[in-house]
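Asks: the following comprises the amino acid sequence and a computationally predicted model.
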Amino acid sequence: MIFRILPILSFLLIAACSAQQRLQRRLMGSWHIARYEILYPSGQREETFNVGTITFHRNGSGDNDMPILTRNLRAPNTRRFSWKNTEESVTIISENTYLAKAWIVVENRRDRQVWRSTTNELIQTLELQRVQ
(Lines give C-alpha, C1' and ligand atoms only; values in the text may rest on other atoms or scores of the structure.)
Protein backbone atom coordinates (compact mmCIF):
# COMPACT_ATOMS: atom_id res chain seq x y z
CA MET A 1 0.00 0.00 0.00
CA ILE A 2 2.75 2.46 0.92
CA PHE A 3 4.51 1.75 -2.37
CA ARG A 4 1.41 2.98 -4.23
CA ILE A 5 1.12 6.18 -2.20
CA LEU A 6 4.82 7.11 -2.27
CA PRO A 7 4.97 7.94 -6.02
CA ILE A 8 1.83 10.08 -5.74
CA LEU A 9 3.23 12.01 -2.78
CA SER A 10 6.53 12.50 -4.60
CA PHE A 11 4.73 13.86 -7.66
CA LEU A 12 2.67 16.29 -5.54
CA LEU A 13 5.78 17.54 -3.75
CA ILE A 14 7.63 18.10 -7.03
CA ALA A 15 4.62 19.87 -8.57
CA ALA A 16 4.27 22.18 -5.55
CA CYS A 17 7.98 23.03 -5.58
CA SER A 18 7.96 23.79 -9.28
CA ALA A 19 4.87 26.02 -8.93
CA GLN A 20 6.61 27.88 -6.10
CA GLN A 21 9.78 28.28 -8.15
CA ARG A 22 7.79 29.36 -11.22
CA LEU A 23 6.13 32.17 -9.24
CA GLN A 24 9.49 33.16 -7.74
CA ARG A 25 11.13 33.42 -11.18
CA ARG A 26 8.10 35.25 -12.57
CA LEU A 27 8.21 37.90 -9.83
CA MET A 28 11.87 38.82 -10.22
CA GLY A 29 12.28 42.23 -11.75
CA SER A 30 10.37 45.50 -11.60
CA TRP A 31 6.61 45.91 -11.48
CA HIS A 32 4.48 49.02 -11.85
CA ILE A 33 1.86 49.27 -9.08
CA ALA A 34 -1.10 50.01 -11.35
CA ARG A 35 -3.77 49.99 -8.64
CA TYR A 36 -3.97 49.79 -4.87
CA GLU A 37 -7.43 49.39 -3.34
CA ILE A 38 -8.72 49.26 0.22
CA LEU A 39 -12.23 47.99 0.94
CA TYR A 40 -13.48 49.00 4.39
CA PRO A 41 -16.02 47.02 6.46
CA SER A 42 -18.53 49.81 5.84
CA GLY A 43 -18.34 49.09 2.10
CA GLN A 44 -16.39 52.26 1.36
CA ARG A 45 -13.75 51.70 -1.32
CA GLU A 46 -10.58 53.71 -1.86
CA GLU A 47 -8.55 53.27 -5.02
CA THR A 48 -5.24 54.78 -5.98
CA PHE A 49 -3.81 54.36 -9.46
CA ASN A 50 -0.21 54.48 -10.73
CA VAL A 51 1.15 54.32 -7.21
CA GLY A 52 4.83 53.56 -7.90
CA THR A 53 7.03 50.54 -8.48
CA ILE A 54 8.07 47.41 -6.64
CA THR A 55 11.18 45.40 -7.48
CA PHE A 56 11.91 41.80 -6.50
CA HIS A 57 15.56 40.73 -6.52
CA ARG A 58 16.84 37.18 -6.97
CA ASN A 59 18.42 37.11 -3.49
CA GLY A 60 15.05 37.57 -1.72
CA SER A 61 15.38 41.30 -1.20
CA GLY A 62 13.40 44.07 -2.84
CA ASP A 63 12.38 47.70 -2.72
CA ASN A 64 9.37 49.81 -3.53
CA ASP A 65 8.50 53.44 -3.92
CA MET A 66 4.86 54.14 -3.18
CA PRO A 67 4.76 57.91 -2.69
CA ILE A 68 0.97 57.97 -2.15
CA LEU A 69 -1.13 55.17 -0.77
CA THR A 70 -4.66 56.34 0.06
CA ARG A 71 -6.20 59.30 1.85
CA ASN A 72 -3.14 61.26 0.75
CA LEU A 73 -0.92 59.18 3.04
CA ARG A 74 2.60 59.82 1.81
CA ALA A 75 5.64 57.58 2.06
CA PRO A 76 8.21 59.36 -0.12
CA ASN A 77 11.31 57.22 0.37
CA THR A 78 12.14 53.92 -1.25
CA ARG A 79 11.32 51.11 1.15
CA ARG A 80 13.54 48.03 1.32
CA PHE A 81 12.13 44.62 2.19
CA SER A 82 12.74 40.91 2.00
CA TRP A 83 10.31 38.50 0.41
CA LYS A 84 9.45 34.86 0.09
CA ASN A 85 6.70 32.97 -1.66
CA THR A 86 4.78 29.74 -1.83
CA GLU A 87 2.93 28.60 -4.93
CA GLU A 88 -0.12 30.69 -3.88
CA SER A 89 1.19 33.59 -1.79
CA VAL A 90 3.89 36.24 -1.45
CA THR A 91 5.06 37.46 1.94
CA ILE A 92 6.80 40.83 2.18
CA ILE A 93 8.82 41.33 5.35
CA SER A 94 9.81 44.82 6.50
CA GLU A 95 9.14 47.45 9.11
CA ASN A 96 9.38 50.23 6.53
CA THR A 97 6.67 49.51 3.98
CA TYR A 98 2.90 49.42 3.93
CA LEU A 99 3.10 46.31 1.77
CA ALA A 100 4.66 44.18 4.55
CA LYS A 101 2.24 41.28 4.99
CA ALA A 102 1.20 38.02 3.40
CA TRP A 103 -0.55 38.45 0.05
CA ILE A 104 -2.68 35.81 -1.65
CA VAL A 105 -1.94 35.60 -5.36
CA VAL A 106 -5.30 35.92 -7.13
CA GLU A 107 -3.91 36.28 -10.65
CA ASN A 108 -0.44 35.13 -11.68
CA ARG A 109 0.65 36.06 -15.20
CA ARG A 110 4.01 37.01 -16.64
CA ASP A 111 2.98 40.61 -17.21
CA ARG A 112 0.23 41.02 -14.57
CA GLN A 113 -0.21 40.09 -10.92
CA VAL A 114 -3.25 40.63 -8.68
CA TRP A 115 -2.83 40.08 -4.95
CA ARG A 116 -5.20 40.35 -1.97
CA SER A 117 -4.67 40.66 1.74
CA THR A 118 -6.75 41.37 4.82
CA THR A 119 -5.68 43.46 7.79
CA ASN A 120 -7.96 44.51 10.64
CA GLU A 121 -11.10 43.81 8.58
CA LEU A 122 -9.74 45.76 5.59
CA ILE A 123 -9.46 44.00 2.25
CA GLN A 124 -6.54 45.26 0.19
CA THR A 125 -5.98 44.57 -3.50
CA LEU A 126 -2.74 45.21 -5.31
CA GLU A 127 -2.51 45.10 -9.12
CA LEU A 128 0.96 44.92 -10.63
CA GLN A 129 2.04 45.25 -14.26
CA ARG A 130 5.51 44.25 -15.45
CA VAL A 131 7.75 47.21 -16.26
CA GLN A 132 8.67 46.90 -19.95
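Replies: Arrived safely. Computed from a prediction, not measured in an experiment: that's the story for all the values here.
Asks: do a quick rundown of the strands in this protein.
Replies: For the chain, the strands defined by DSSP state E occupy 29-39, 45-56, 61-65, 79-85, 89-93, 102-108, 112-119, 122-130.
Asks: got the angle for the fourth one vs strand 89-93?
Replies: The one in question is strand 79-85. Orientation of strand 79-85 against strand 89-93 (axes from the mean of the first three to the mean of the last three C-alpha atoms, to 10 degrees) gives an angle of 150 degrees.
Asks: partner strands of strand 79-85, with direction?
Replies: Its sheet considered, strand 79-85 pairs with strand 61-65 (antiparallel), strand 89-93 (antiparallel) by DSSP bridges.
Asks: okay if I get the strands of the chain as JSON lines plus distance to Ala19, mean pLDDT and mean neighbour count?
Replies: Just so you know, the C-beta spots here come from the backbone N, C-alpha and C atoms, and that holds for glycine as well. JSON lines is the format used below for these (distance: least, C-beta to C-beta, whole Å; pLDDT from 0 to 100; neighbours: other C-beta atoms under 10 Å):
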{"stretch": "strand 29-39", "distance to Ala19": "19", "mean pLDDT": "95", "mean neighbour count": "18"}
{"stretch": "strand 45-56", "distance to Ala19": "17", "mean pLDDT": "92", "mean neighbour count": "17"}
{"stretch": "strand 61-65", "distance to Ala19": "21", "mean pLDDT": "92", "mean neighbour count": "19"}
{"stretch": "strand 79-85", "distance to Ala19": "10", "mean pLDDT": "93", "mean neighbour count": "18"}
{"stretch": "strand 89-93", "distance to Ala19": "11", "mean pLDDT": "96", "mean neighbour count": "18"}
{"stretch": "strand 102-108", "distance to Ala19": "9", "mean pLDDT": "97", "mean neighbour count": "16"}
{"stretch": "strand 112-119", "distance to Ala19": "15", "mean pLDDT": "96", "mean neighbour count": "16"}
{"stretch": "strand 122-130", "distance to Ala19": "19", "mean pLDDT": "96", "mean neighbour count": "17"}
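Asks: and those strands: which comes nearest Gln21?
Replies: strand 79-85 (9.2 Å; C-beta to C-beta).
Asks: roughly how far does Arg80 sit from Ile33?
Replies: Counting by C-beta to C-beta, to the nearest Å, the gap from Arg80 to Ile33 is 16 Å.
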